[in-house]
Each structure stands twice: as structure tokens, then as C-alpha cells.
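Chemist: heads up, no residue letters with this:
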């Protein structure tokens, strides 16, 4: 029984069971999952900025732009990469190209027509 207790006690004190990760770390560990999550949040921010910029341009233009849907370009950009809920692209150059197109549109919206 004592041997079993020592084995269990040692297993509970192994580094994976500690409350904090061993070593001198400040902040979360870097991982592929963490990077993908960060990029996804950035993509959402780009799309939100595009909607805000489109809305501001619509207000600047006044009545000729009343028919414009602020969400349209953001949705079209999303459909380039995610055509349907069950179908996504894994083509990295297409994803990067779509991001660049969104950024270019955000910058273009700030210019005067």
C-alpha cells in the first residue's frame, strides 16, 4: 500500500500536474492554435473596419448612396474564402489576397471621391 501511495504522490507532483507551467514564462505560450485565433480576430476587425468605413462613405455621399448596403462588401469578401457553411478554402494565397483587398478597400474609403 505504501508503494502505491508513493507512486500516486509522485504522479500528482509531476510538472504536468502543477498549477503553473514550470519555467520562467510571462503570459500565454505561443502555439499554432493561438496564432490562428489571433489571425481570426484580426480578420473580424478588418471586416468591421470595412463596414464602418463604408457607412462613413455612405454618410459623406448623402442621398446618392442611400441604396448602398454597408455589409455587402464585407459579405462578398467572406464568401470568397468561405463559400458556404460547410465549404472553406485552404488556399493560403487566396486568403492573403482577400485580406489585402479588404485593407485596400478600407484605405480607399477614406479618400475623397
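Modeler: Looks like it arrived, so ask away. Values in this document were obtained by computation on a predicted structure and should not be read as measured data.
Chemist: hmm, residue 105 is touching residue 76, no?
Modeler: No. Judged on Cβ atoms under 8 Å, residue 105 makes no contact with residue 76 at a distance of 10.3 Å. From N, CA and C alone the C-beta is placed, and that goes for glycine too.
Chemist: the two: who's more crowded?
Modeler: residue 105 (17 against 11; other Cβ atoms under 10 Å).
Chemist: against which helices or strands is the host helix or strand of the more buried one packed?
Modeler: Using DSSP states H and E, residue 105 maps to helix 92-110. Here helix 92-110 touches helix 32-61, helix 72-81, going by 3 or more Cβ pairs under 8 Å, 6 or more residues apart in numbering; DSSP states H and E.
Chemist: okay, these, which one's buried deepest?
Modeler: Highest mean neighbour count among the helices and strands packed on helix 92-110 (mean count of other Cβ atoms under 10 Å): helix 72-81, with a mean of 15.
Chemist: helices or strands up against that one?
Modeler: Applying 3+ Cβ pairs under 8 Å, 6+ apart, we find helix 72-81 packed against helix 32-61, helix 92-110.
Chemist: please enumerate residues in contact with it?
Modeler: 47, 50, 51, 54, 88, 89, 94, 95, 98, 101, 102, 105 (Cβ atoms under 8 Å, 6 or more residues apart in numbering).
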